[in-house]
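Trainee: Pasting a predicted model and its sequence here:
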Amino acid sequence: MVALRSAVDTGKIDPRPYQWLCYAMTGNAIRNYKGPAFITASVGAGKTIMIAMVAARFSQMGYEGMIIARQGEIIDQDAEELWNLNVKNSLFSASLGRRVRHTRSLSAAKERLLMLYSARKRKRPPWVISHRDFCLLMNAIRLTGRMLGTTSIKGPFWSGGEIVNIDTKYLVDLGFLVPTIFGVPDIEELKYDLHDFESNGEDGAQDYTESQLKAMQEEIIKQGTLTQKIMLKVMELTRNRNGVLITCAGKKHCKEAAKYLPDGSYAIVTDDMGQKMRRKALKDAYTGKIKYVLQIGCLTTGVNIPLWDTSVILRKIMSLTLLVQLLGRGMRLLKSEQVDQGLVKEDHLVLDFTGTMFELGALYDDPILEEAELQRSKRSGEEVPCPKCATLNSPYARRCIGEDKLSPDGRCEEFFQLSAVWIR
Ligand SMILES: [Zn+2]
């Protein structure tokens, strides 16, 4: 560890032990390069810092490298972190309106392709690090042949090459994310009936289409005063909380929900509101000037508002990946200056008024959904004992949550539900 720490000068930043571990394992993967490799890291794992540490080593060793990402906001953060570690870098981004070498106006996609193309023509291609995007990763591999990636999304098409997986539960257990509390006993009755909208259960980050969301919004508006009742409940339950992120089905739905919030306490953030307004809204949320942010689905990645400690779900979410990213917003720790200001964030509260958690819990294996279901069954007193170890489980649990030291993953191997096998 000491040797590791002296390998890279991280300046004022003190990387977490697992970030050093990722750094060391990445170094190994590069030394014994067998092909593209990636790290799966949960939301809040600090991917930006981990990328910057690797980049710092590259620059010390005289290697060239390139970091690519789909969103301007992410690459902006990457560049800033590189400067924090004294790594010289040039930033190219059409969406941020900044580029160093190109004088012609290029779309972001074209710009990236051009960079990858020029990378391929060199004798020794630069290392390419993709931040959170598997499609970019695949394109870059085709063009340059050498690749590293960090992502919170695991592609179903990629089985080998994973260096390490830093998952959400691990980060919560170590105190790098706050734990999540799901619902409260008395909101089970306050729920939109959205049974016509169902997840397809596929892997990936897909969401409902625009027309599906529109139909969902109509359905919600039809359910009359339910939104008012829900919002009054939300205000009551979040009275002593810092910041609340509310996800709705459409603009009309956002406005309807916001109607019951105090004037000046909220912002509605949409894709088409314009960059300037969007930045102002997010800044006001960051500083705590506004408590509530209502959105339709555009803030799931690349936005870091540590004050958010409550996630309110007012529409169905299609996929596990999207849901986990969404909930990840609320699990981040406060910045040290916010703690110095006397702000407190002990946990993340999820208020789901749509049955999304329950629906996805039946479709996907995921520790967050499992925990949500366990908390729900505890409240309703529905738990059933495991026949093997007697640990209490939700009646919908897929696998017993009890411990078993003899099992390879330390967990009881009683499976309650077998997944169906499709034979044709
Ligand atoms: Zn058991």
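Mentor: That came through fine.
Trainee: Could you name the helices and strands sitting against the helix or strand hosting residue 18?
Mentor: Secondary structure assigned from DSSP states H and E places residue 18 in helix 17-31. Using 3 or more CB pairs under 8 Å, 6 or more residues apart in numbering; DSSP states H and E as the contact test, the elements touching helix 17-31 are helix 2-7, strand 37-41, helix 47-61, strand 148-151, strand 162-166. To be clear about C-beta, it is placed using only N, CA and C from the backbone, and glycine gets the same treatment.
Trainee: Of all these, which one comes closest to residue 277?
Mentor: helix 47-61 (25.5 Å; CB to CB).
Trainee: What strands flank the helix or strand just after the closest one, and is each parallel or antiparallel?
Mentor: The first helix or strand that comes after helix 47-61 along the chain, using DSSP H and E, is strand 65-68. Pairing partners of strand 65-68, with direction, according to DSSP bridges: strand 127-131 (parallel).
Trainee: Does residue 5 touch residue 17 like I think?
Mentor: No - in terms of CB atoms under 8 Å, residue 5 does not count as a neighbour of residue 17; the distance is 10.3 Å.
Trainee: still on that earlier bit, dump the helices and strands packed on helix 17-31 to CSV, plus mean pLDDT.
Mentor: Shown next, in CSV, are these (pLDDT from 0 to 100):
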stretch, mean pLDDT
helix 2-7, 76
strand 37-41, 80
helix 47-61, 87
strand 148-151, 54
strand 162-166, 83
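Trainee: Which of those sits closest to the ion?
Mentor: strand 162-166 (24.1 Å; CB to the ion).
Trainee: Against which helices or strands is the closest one packed?
Mentor: By contact count (3+ CB pairs under 8 Å, 6+ apart), the secondary structure elements abutting strand 162-166 are helix 17-31, strand 37-41.
Trainee: closest one to the ion among those?
Mentor: Sorting these by CB to the ion, the top spot, which is the nearest, belongs to strand 37-41 at 27.2 Å.
Trainee: Alpha carbons of the closest one, as CSV, please.
Mentor: Only the C-alpha atoms of strand 37-41 are listed here, as CSV (Å, rounded to 0.1, in the frame of the first residue of the first chain):
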residue,chain,number,x,y,z
ALA,A,37,-10.5,-4.9,-19.7
PHE,A,38,-13.0,-3.1,-17.6
ILE,A,39,-13.9,-2.3,-14.0
THR,A,40,-17.5,-2.4,-12.9
ALA,A,41,-18.0,0.3,-10.3
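Trainee: which helices and strands sit right next to it?
Mentor: With contacts defined as 3+ CB pairs under 8 Å, 6+ apart, the secondary structure elements packing on strand 37-41 are helix 17-31, helix 47-61, strand 148-151, strand 162-166.
Trainee: what about 6 Å?
Mentor: Identification of packing neighbours for strand 37-41 by 3 or more CB pairs under 6 Å, 6 or more residues apart in numbering; DSSP states H and E yields strand 148-151, strand 162-166.
Trainee: ok so, going back, comparing the helices and strands packed on strand 162-166, which comes out most buried?
Mentor: The densest packing among the helices and strands packed on strand 162-166, expressed as mean neighbour count by mean count of other CB atoms under 10 Å, is seen in strand 37-41 with a mean of 22.
Trainee: the inter-axis angle of that one versus strand 127-131?
Mentor: Between the axis of strand 37-41 and that of strand 127-131 there is an angle of 30 degrees, by axes from the mean of the first three to the mean of the last three CA atoms, to 10 degrees.
Trainee: switch to numbering from 57
Mentor: Okay, residue one is now 57; in that scheme the one you just asked about reads as strand 93-97.
Trainee: Kindly calculate the angle that strand 93-97 makes with helix 73-87.
Mentor: In this structure, strand 93-97 runs at an angle of 170 degrees to helix 73-87, with the same axes, to 10 degrees as the basis.
Trainee: Strand 93-97 to strand 218-222, inter-axis angle?
Mentor: Orientation note: strand 93-97 sits at an angle of 10 degrees relative to strand 218-222 (the same axes, to 10 degrees).
Trainee: Low-confidence bits of the chain, can you list those?
Mentor: 57, 126-128, 149-182, 188-216, 241-244, 259-260, 354, 356-358, 473-480 (pLDDT under 70).
Trainee: what residues does it put near the ion?
Mentor: Selection of the chain residues close to the ion by CB under 5 Å from the ion yields 442, 444, 445, 447, 456, 458, 468, 470.
Trainee: Kindly indicate which of those residues lies nearest residue 307.
Mentor: Comparing the residues of the chain next to the ion against residue 307 with CB to CB picks out residue 456 as the nearest, at 44.3 Å.
Trainee: Pull the contacting residues for the closest one.
Mentor: Remark: with contacts taken as CB atoms under 6 Å, 6 or more residues apart in numbering, residue 456 is in contact with 442, 447, 449, 468, 470.
Trainee: 10 Å instead, please
Mentor: With CB atoms under 10 Å, 6 or more residues apart in numbering as the criterion, the residues that contact residue 456 are 441-449, 467-472.
Trainee: measure it to residue 432 for me?
Mentor: Distance, residue 456 to residue 432, by CB to CB, to the nearest Å: 17 Å.
Trainee: ditto for residue 361
Mentor: Taken as CB to CB, the spacing of residue 361 relative to residue 432 amounts to 27 Å.
Trainee: so residue 346 touches residue 298, yeah?
Mentor: No - between residue 346 and residue 298 there is no contact under CB atoms under 10 Å: 11.3 Å.
Trainee: Common neighbours of the two, please.
Mentor: With CB under 10 Å, 6+ apart as the test, residue 346 and residue 298 both reach residue 363.
Trainee: want to throw the helices and strands packed on strand 218-222 into CSV with distance to residue 406?
Mentor: Written out in CSV, the entries for the helices and strands packed on strand 218-222 read as follows (distance: least, CB to CB, whole Å):
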stretch, distance to residue 406
helix 73-87, 25
strand 93-97, 21
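Trainee: Do a quick rundown of the helices in the stretch 307-456 of the chain.
Mentor: Remark: helices assigned in the stretch 307-456 of the chain by DSSP state H, counting those that start in this stretch are 307-314, 331-343, 376-387, 392-396, 412-419, 423-436.
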